[in-house]
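Chemist: Below is the sequence, then the predicted model.
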Amino acid sequence: MDRTMRQLAILLLLALLPPLLRAQNSTYCLSISYASVPSLVNDRKLTLNVAVGACSGVSVTADGAWIPSSYSSSTQAASFSTSGTAITILALNATAAGTGAASKASLYNNFHWAYSQTFDDTRQSQYDYAKPILDALGWKAGIAAVGSWIESGNSYYMTWAEVQALRADGWQVYNHTWDHPDPVACANFPTEFGQNQTAFLTELPGYHVSHVVYPYEVSTASCSGWPPNYIISGELGGSGYTHVDTVLGQDYTVPRNGLYGTDPTNIETVSAQAAADSRPSWVVCITHSVTQGSGAAADAYSTNQNALNTLYSYLGSNFGAAGNKSMWFAPSGEVMDYLFTRDNAVVSTCVAATPTPSPKLTASPSPSSTAEPSSTRSITPSSTPTATSTRTATPSASATPSATAEPSATSSSTPSSTATPTTSATEAQSTPSATAEASATRSSTATSTCSGTASPSATATSSASASPTPLSTASAAQSTPSATAKQSSTATSTASSSATPSMSASPTASQTLSASPSFSATATCSATAMASSSASATPTPSDTAEPSATRASTATSSPSPTLTLTASPSLTATARPSATASPTSSPSPVRSSGSLQILRALPGPDPNPQQVWIELSGEADLVTLRIWSAAYVLVASTQAGPEPRGWSALALPAGFSSRAANGVYFITVEAERQGQVARTKPLKCLILH
């Protein structure tokens, strides 16, 4: 007895568990104030970690716009970087609530340590030989500019145009005095830094050159009157690295390490130490001229391309995208901007508004291997139609396709039963201004299986038992039929109708495809028919029918439909058993071309994408696909073209998915046509081996 009771108790508990454990979305709200951040900070951005509890993933918006985010199931925290003020976090399928508490990351994007490269004196060789190496890696550096040398016309130094080009490309510019005095001192620093500042205001309008680099590594930070009101940070000579998990304040003596000569071992060593330190850290490296290739260093404070390649290869393979991804490679001015923002921005919780239950992106560190988009469709219409001059066909059918979609595919099905429709119709004559009505009963039973593929990434299989009756306003004339549907079957059909035909009847069945993201398909089933009755239909159910005759027919049929599926995202699928069929929707939407647009872009499968499907509003001469690391470092790119209007598949660079390290990546697509450029927002994807 006790055993029986225990079993009953277990069964009862199992019955109650699903509603108890049913998940729902939770919303968290944050407000960020930058009022206390110094006005000289150029780039106000902040990385936050928010306790959202247990959920399947998160979607985050900043000031109403979606931003990239990630979710850690181990810490139950959402992580994202933003420069916005109003933040909403949607925890999807939450099973345990979080506190909503937000903490600021020590470094941008939760990197453990930062590395900064500074090139002193704005020498031309830096632009010619260092920039291409950094460009290939997607990394940015900083230059310490000496105004009088730039304006001297000496080809040994860069021009203002080249300095401006570096700045436009994301490099930082620092104040290295006007004349590079030896040394800069308390007596001359206002003139030296001030004259340089005047030049910057002219040549780099809107950009704050607020970071200083001292000539000959002699600091003026202890001088009376320091700092000028346009300087908030600086770097000095020395060695080692800086811990950044505490408030630095306005630090003008951040230590840096010299890459002097062609052996970068000392920089590799200090970098490894910073990476291994349990506290978040920051390494700054300095050099001067960069000799091409393996050539000798220009002087005792310079290096060559080979040394830079060796150093950057070490950093990237150990700590970058190809390594443990712990390093943030960024100019020292950008790192200081982040620290100033982190230490002065105020983050507060707020009351969340009711969320819109359609997040644009869900991030989860442990996604399932099920490729997206996938869909399950269920169609279960049934009816016994009563025919009037306006006759609506609703087939008795049930279908449950589940598939991976492709742009188009063809499949066939053979019904397993013989349809025996019996139809009787009597239509009353009427004037053109009245609707002719006929009462009829028609029944048929057929079982068919239609399978195929639709666009992109899902296979569909549907089974249906249907009685196809035209969805139209039907008018049939005995003397002038416009088309005849023919069926060979074992069915008996008796119809009495009179009308004036305008087009051939197209029996239709409507299907709705539900997918993630949404896809639809157009299915066409063709059948042979022998029917001695002819009917014509107009696609507007409310048209007025004009009956003119009465005729009866008897037919037998054994339909053997063939299904063709053509998928176009976000359409409604229409299935037609047809002898002469008129499509009611296009498999590829027609859109106004106008300006070139990328209407949709979908990487697939995910994880480990192999291609990106794009829909263009018009033909593009060139399409460029770029892949970025989670730190927005360019890791691969490819180009194709010309590409036609509509849907096209762009293959990712060969071997990317198999060679790339596990993690989150972002894909951007850019289309060009005669000077017009269209771009997508970053598309998030996962690599999991």
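Modeler: All right, it came through fine.

Chemist: From here on, just use CA atoms for contacts and neighbour counts.
Modeler: Will do.

Chemist: how far away is S629 from Q611?
Modeler: Per CA to CA, to the nearest Å, S629 is found 17 Å from Q611.

Chemist: which intervals of the stretch 451-600 of the chain have sub-threshold pLDDT?
Modeler: Low-confidence segments of the stretch 451-600 of the chain (pLDDT under 70): 451-594.

Chemist: is it true that D263 touches L308?
Modeler: No. If you go by CA atoms under 8 Å, D263 and L308 don't touch, sitting 9.2 Å apart.

Chemist: Compare these two and say which is more crowded by neighbours.
Modeler: Taking other CA atoms under 10 Å, D263 and L308 do not tie; L308 has more neighbours (21 against 16).

Chemist: C-terminal to the one helix or strand the more buried one maps to, what's the next element?
Modeler: Secondary structure from DSSP states H and E places L308 in helix 305-319. As assigned by DSSP H and E, the chain's next helix or strand after helix 305-319 is strand 327-329.

Chemist: Contacts for the helix or strand just after that following strand next, please.
Modeler: Moving toward the C-terminus from strand 327-329, the first helix or strand encountered (DSSP H and E) is helix 332-344. Helix 332-344 is touched from outside by 34, 36-38, 41-46, 104-108, 114, 116-118, 141-142, 172-174, 211, 233, 244, 247-249, 284, with contacts defined as CA atoms under 8 Å, 6 or more residues apart in numbering.

Chemist: Would you mind listing the buried residues in the helix or strand following helix 332-344?
Modeler: Next in sequence after helix 332-344, counting helices and strands by DSSP H and E, comes strand 346-350. Across strand 346-350, burial judged by 16 or more other CA atoms under 10 Å covers V346, V347.

Chemist: Show me what strand 346-350 is packed up against.
Modeler: The contact analysis (3 or more CA pairs under 8 Å, 6 or more residues apart in numbering; DSSP states H and E) places strand 346-350 against strand 24-33.

Chemist: One more pass at 10 Å, please.
Modeler: Contacts defined by 3 or more CA pairs under 10 Å, 6 or more residues apart in numbering; DSSP states H and E place strand 346-350 against strand 24-33, strand 86-94, strand 102-104.

Chemist: The residue nearest to Q172 when sequence neighbours are not counted and C285: what is the separation?
Modeler: In space, and not counting its chain neighbours, Q172 is closest to G142: 4.5 Å by CA to CA, 6 or more residues apart in numbering. Using CA to CA, G142 is found at 10 Å from C285.

Chemist: Quickly list what's touching both of the two.
Modeler: Jointly contacting G142 and C285 under the rule CA atoms under 10 Å, 6 or more residues apart in numbering are S116, Q117, T118, F119, S332.

Chemist: Highest neighbour count among those?
Modeler: Going by other CA under 10 Å, S332 tops these with 29 neighbours.

Chemist: still on that earlier bit, can you tell me which of the shared contacts of G142 and C285 end up in strands?
Modeler: Among the shared contacts of G142 and C285, the residues falling in strands (DSSP state E) are S116, Q117, T118, F119.

Chemist: Tell me the helices and strands packed up against the helix or strand where Y665 lies.
Modeler: Per DSSP H and E, Y665 falls inside strand 663-673. Where contact means 3+ CA pairs under 10 Å, 6+ apart, strand 663-673 is packed against strand 598-604, strand 611-616, strand 622-629, strand 634-640, strand 676-679, strand 683-687.

Chemist: can you count the residues close to A296?
Modeler: For A296, the neighbour count with other CA under 10 Å is 15.

Chemist: Would you mind measuring from it to V290?
Modeler: Distance, A296 to V290, using CA to CA: 9 Å.

Chemist: Common neighbours of the two, please.
Modeler: Common neighbours of A296 and V290 (CA under 10 Å, 6+ apart) are G261, T262, S302, T303, N304, Q305.

Chemist: Number of residues surrounding the third one?
Modeler: Using other CA under 10 Å, S302 is surrounded by 21 other residues.

Chemist: from memory it sits against C285, does it?
Modeler: No. Contact criterion CA atoms under 10 Å: S302 and C285 do not qualify, at 11.9 Å.

Chemist: Mind listing the shared neighbours of those two?
Modeler: Counting by CA under 10 Å, 6+ apart, the residues touching both S302 and C285 are F119, G258, L259.

Chemist: now the residues you listed in TSV, with pLDDT and distance to C685?
Modeler: What follows is those, written out as TSV (pLDDT from 0 to 100; distance: CA to CA, whole Å):
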residue	pLDDT	distance to C685
F119	98	35
G258	95	39
L259	97	37
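
Chemist: Distance to N229 for the shared contacts of G142 and C285 - can I get that in CSV?
Modeler: Below are the shared contacts of G142 and C285 laid out as CSV (distance: CA to CA, whole Å):
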residue, distance to N229
S116, 25
Q117, 25
T118, 23
F119, 24
S332, 19
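
Chemist: For the helix holding L308, buried residues please.
Modeler: Using 16+ other CA under 10 Å as the test for burial, helix 305-319 gives Q305, N306, A307, L308, N309, L311, Y312, Y314, L315, G316, N318, F319.

Chemist: And for stretch 296-303?
Modeler: Under the neighbour-count criterion of 16+ other CA under 10 Å, stretch 296-303 has A297, Y301, S302, T303 buried.

Chemist: so how many other residues sit close to V173?
Modeler: By other CA under 10 Å, the residues close to V173 number 29.

Chemist: er, Y214 actually
Modeler: When counting by other CA under 10 Å, one arrives at 27 neighbours for Y214.

Chemist: Hmm, D179 and it touching each other?
Modeler: No. Look at Y214 against D179 with CA under 10 Å: they stay out of range, at 11.7 Å.

Chemist: Show me whatever sits in contact with both of the two.
Modeler: F193.

Chemist: ok, which stretches of the stretch 101-250 of the chain are helices?
Modeler: With DSSP state H, counting those that start in this stretch, the ranges of helices along the stretch 101-250 of the chain come out as 124-125, 131-137, 147-150, 160-168, 189-203.

Chemist: Am I right that Y252 sits in a helix?
Modeler: No. Counting by DSSP: H, G, I helix; E, B strand; the rest coil, Y252 is located in no helix; its state is coil.

Chemist: Name the nearest residue to it, sequence neighbours excluded.
Modeler: That would be G234: by CA to CA, 6+ apart, it lies 3.9 Å from Y252.

Chemist: Okay, and the beta partners of that neighbour?
Modeler: For G234, the residues forming beta bridges with it (DSSP bridges) are V212.

Chemist: quick one: pLDDT of it?
Modeler: We have a pLDDT of 94 for G234.

Chemist: N229 now?
Modeler: 95.
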